[in-house]
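Participant: Could you look at this predicted model? Sequence included:
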Amino acid sequence: MSKILGLTGDGAVAYAVKQCNVDVVAAYPITPQTLIVEEFSEYVHNGEVHTEFVCVESEHSAMSACVGASLTGARVFTATASQGLALMHEILYIASSLRCPIVMGVVNRTLSAPINIHCDHSDMMGSRDCGWIQIYVENAQEAYDWVLQAFRIAEDPDVLLPVTVNLDAFILSHSLEGVKVLDDAEVEKFVSTRKPVLRVDPDKPITVGALCLTDFFFETKRQHVEAMNNSPKTISRVNNEFAELTGRRYDFIETFGMDDAEAAIICLGSTAGTAKAVAKSMRSKGKKVGVIKPWVYRPFPAEQIVKAIENLKALAVLDRACSIGAPYGPLCSDTIATLYREGIKLGVFNVIYGLGGRDMTPFDIETVFNETLEVAKTGVVKEPLKFVGVRE
Amino acid sequence: MLVEVRWHGRGGQGIVTVSRLLAQAALLDGKYVQAFPEFGPERRGAPVTGYTRISDDPITIHSHIYNPSIIVIVDPTLIGQIDVTKGLVEDGTVVANTEKAPQELKESLKTEKAKVYTVNATRIALDVLGRPIYNTAMLGALVKASPLVTLESLSKVVTERFPGAVGEKNVAVIKRAYEEAKGIE
């Protein structure tokens, strides 16, 4: 039996973590920490969870403690944002390379300077290549649902990779929405307990993270790549089981109106929701527009995107992060690389939007859709990279 | 149908709380909701806004609210200091905490086609709570102006949010504000 609670995005993540029998949460408790950890610490204080809550002195230490705990076979969660994620950066690689199935809530905020606490994806994109599975959610319900699934995906013996569940700062983290939550018992059955394949144990000593130079480092990296490449099978299986349990079906991407769309937007996170609302309204006026929302960003859902754009003529790729000096933002580079590899000819342009929390308005999105329709009609991309919502 | 509400008050007056209480009550009534604060650091005493979206259908839009259909002014000292009716849809609704009669406020706000409701929420809060905490009173006045949620659902979420005597007194505040709020089309 599910019930509907009014929860913020942060609250939804904390509630999901509460239900997942997490053994250890290690976190740095002040700015730029999120309300996820604050709310979870209340569950700890009230004795609602058995979790060992470790308050550390920095995010670097938080992720280090998570790695140590995870290696003992514990189920581990943490959360951070912005500069906090940046400070974790080197340990993110250690967590994934040591195959620690940690789940982390990342509330996406920009990186300074100037000082800014608002949403964009610069933080996660700055650590894009850290070898973690990366999920982006559109609303509080998806945040809750993906955290439950994240533990299953991360801890699967065929994967053993850490997972970030990314949610847009303030837009989702501080916004209250109705969230259908499962009973504790249902969640317990779904996520079960972690069954570690190998763990550090004083009775059966092993060495973890040893020096590994030109002789074997490359092979361990190759295996890491293989683990990521294998993860889609597990992700699909978990998505299917979750759909059976809840009726809510997740996948690598979500599409809207793509069956007959001539022009589409692809974007991550909450903006996809606004884009769907605009697309719905434009479609009612006969304009064939659609939306593609990758839920899973790493591993990159190339196959699913290619299938979604079969009948498409033009695509606008929206990036809420800059890759300064590169031809395109990160999502667009991945998308164009995929299209090129598959030999697909499509009018594509990149839109950088929403940096430092600048609102992406329905009007802005309608303008982008109309420009994409124009590209679909003429086949000509006038501006391959443009900035929307900025004063020039 | 989607209704967008903007709340005006000052930091510390519980603007986020009422924007969420309204959403929680609408959830109980089976609606889809969003409630969000003005994003950013809060400063006590500075003008702040809060927002609530309520709809019969799922809400996927995640942009700010630019053209609210309802504006609730919790702090009476904001009227005339900031543009409280900015972006209000032409036939929208204003609900204000003020001693003024609706007609008088309507003339000063220059909102010809808007419905205007007023209530002396400060007086009600002082009478019932003994303290000038008048955010919840505005929920009662709002429901009088526009039946977005039922009084039963409001009472339920308020007593859940504030257990014991505090909750009961706030329910009394809401009911009295509902009765006393007066409006003109």
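Facilitator: Cool, got the structure. Numbering: from 1, shown residues only, chains lettered A, B, ... in the order given.
Participant: For residue 37, give me its contacts.
Facilitator: Unless you meant another one, I'm taking chain A. A:Ala14, A:Val25, A:Ala27, A:Pro29, A:Thr78, A:Ala79 (Cβ atoms under 8 Å, 6 or more residues apart in numbering or on different chains). Where C-beta positions appear, they are placed from N, C-alpha and C, glycine not excepted.
Participant: Switch to chain B, please.
Facilitator: A:Phe170, A:His174, B:Ile15, B:Val16, B:Ser19, B:Val48, B:Thr49, B:Gly50, B:Tyr51.
Participant: which stretches of the stretch 251-392 of chain A form helices?
Facilitator: A:271-283, A:302-308, A:330-341, A:362-378 (DSSP state H, counting those that start in this stretch).
Participant: out of those, deepest packed?
Facilitator: Comparing those by mean neighbour count (mean count of other Cβ atoms under 10 Å in any protein chain shown), helix A:271-283 ranks first with a mean of 23.
Participant: Which other helices and strands does that one contact?
Facilitator: With contacts taken as 3 or more Cβ pairs under 8 Å, 6 or more residues apart in numbering or on different chains; DSSP states H and E, helix A:271-283 sits against strand A:253-256, strand A:289-294, helix A:362-378.
Participant: Columns mean pLDDT on top of the helices of the stretch 251-392 of chain A, output as CSV?
Facilitator: Formatted as CSV, those follow (pLDDT from 0 to 100):
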stretch, mean pLDDT
helix A:271-283, 98
helix A:302-308, 98
helix A:330-341, 98
helix A:362-378, 98
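Participant: Serialize these to JSON lines and add fields for distance to A:Arg152.
Facilitator: Formatted as JSON lines, the helices of the stretch 251-392 of chain A follow (distance: least, Cβ to Cβ, whole Å):
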{"stretch": "helix A:271-283", "distance to A:Arg152": "24"}
{"stretch": "helix A:302-308", "distance to A:Arg152": "20"}
{"stretch": "helix A:330-341", "distance to A:Arg152": "25"}
{"stretch": "helix A:362-378", "distance to A:Arg152": "34"}
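Participant: Quick check: chain neighbours aside, which residue is closest to A:Ser64?
Facilitator: A:Ile91 (5.4 Å; Cβ to Cβ, 6 or more residues apart in numbering or on different chains).
Participant: if I pick that neighbour, what's in contact with it?
Facilitator: A:His60, A:Met63, A:Ser64, A:Val67.
Participant: you'd agree the third one is in a strand?
Facilitator: Same thing as A:Ser64. No: A:Ser64 sits outside any strand when classified using DSSP: H, G, I helix; E, B strand; the rest coil, being helix.
Participant: What is the neighbour count of it?
Facilitator: Per other Cβ atoms under 10 Å in any protein chain shown, the neighbour tally for A:Ser64 reads 18.
Participant: Can you say which helix or strand has the residue with the shortest distance to the centre of chain A in it?
Facilitator: Residue closest to the average C-alpha location in chain A (Cα atoms, centre = their mean): A:Ile135, at 2.4 Å. Element membership for A:Ile135 (DSSP states H and E) is strand A:133-136.
Participant: Name the SS class of residue 49, please.
Facilitator: Unless you meant another one, I'm taking chain A. A:Val49 - assigned by three-state DSSP - is coil.
Participant: Correction: the question concerned chain B.
Facilitator: Going by three-state DSSP: B:Thr49 is strand.
Participant: and if you look at the one 4 residues further on?
Facilitator: Under the three-state scheme (three-state DSSP), B:Arg53 adopts strand.
Participant: nearest spatial neighbour of it, skipping sequence neighbours?
Facilitator: B:Arg53 sits nearest to B:Gln34 (Cβ to Cβ, 6+ apart), 4.2 Å away.
Participant: The contacts of A:Ile91 into a markdown table, with extra columns for pLDDT?
Facilitator: Formatted as a markdown table, those follow (pLDDT from 0 to 100):
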| residue | pLDDT |
| --- | --- |
| A:His60 | 98 |
| A:Met63 | 98 |
| A:Ser64 | 98 |
| A:Val67 | 98 |
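Participant: quick one: which of those has the most company?
Facilitator: Greatest neighbour count in the contacts of A:Ile91, by other Cβ under 10 Å, goes to A:Met63: 31 neighbours.
Participant: got any ranges where chain B has weak pLDDT?
Facilitator: B:39-41 (pLDDT under 70).
Participant: Just the element for the residue nearest to the spatial centre of it, please.
Facilitator: Nearest residue to the geometric centre of chain B (Cα atoms, centre = their mean): B:Val72, 4.2 Å. Element membership for B:Val72, per DSSP H and E: strand B:70-73.
Participant: quick one, what contacts the closest residue to A:Ser112 other than its chain neighbours?
Facilitator: Using Cβ to Cβ, 6+ apart and skipping the chain neighbours, the partner closest in space to A:Ser112 is A:Gln83 (6.6 Å). A:Gln83 sits next to A:Pro32, A:Leu111, A:Ser112, A:Asp123 when contact means Cβ under 8 Å, 6+ apart.
Participant: Next, format the residues you listed as TSV and append secondary structure, distance to B:Arg176 and neighbour count.
Facilitator: Shown next, in TSV, are the contacts of A:Gln83 (DSSP: H, G, I helix; E, B strand; the rest coil; distance: Cβ to Cβ, whole Å; neighbours: other Cβ atoms under 10 Å in any protein chain shown):
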residue	secondary structure	distance to B:Arg176	neighbour count
A:Pro32	coil	43	20
A:Leu111	coil	50	16
A:Ser112	coil	48	14
A:Asp123	helix	48	27
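Participant: Go through the residues you listed and say which is closest to A:Ser96.
Facilitator: Using Cβ to Cβ, A:Asp123 comes nearest to A:Ser96 of those, at 16.6 Å.
Participant: What's the local residue count around residue 132?
Facilitator: The chain I'm using is chain A. Neighbours of A:Trp132 using other Cβ under 10 Å come to 24.
Participant: Wait, chain B was what I had in mind.
Facilitator: For B:Pro132, using other Cβ under 10 Å, the count is 11.
Participant: rewinding a little: hey, what's the residue nearest to B:Arg53 bridged with?
Facilitator: A:Glu177, B:Arg53 (DSSP bridges).
Participant: so who does it touch?
Facilitator: Contacts of B:Gln34 by Cβ under 8 Å, 6+ apart are A:Ser175, A:Leu176, A:Glu177, B:Ala23, B:Tyr51, B:Thr52, B:Arg53, B:Ile59, B:His62.
Participant: before we move on, what SS does the last one have?
Facilitator: Looking back up the chat, that one is B:His62. coil.
Participant: Which pLDDT does the model give the nearest residue to it once chain neighbours are set aside?
Facilitator: In space, and not counting its chain neighbours, B:His62 is closest to A:Ser270: 4.0 Å by Cβ to Cβ, 6+ apart. Predicted confidence (pLDDT) for A:Ser270: 98.
Participant: counting contacts, what elements does the helix ranked longest in chain B pack onto?
Facilitator: With secondary structure taken from DSSP state H, chain B has its longest helix at helix B:165-180. Contacts defined by 3+ Cβ pairs under 8 Å, 6+ apart place helix B:165-180 against helix B:121-128, helix B:135-145, helix B:151-161.
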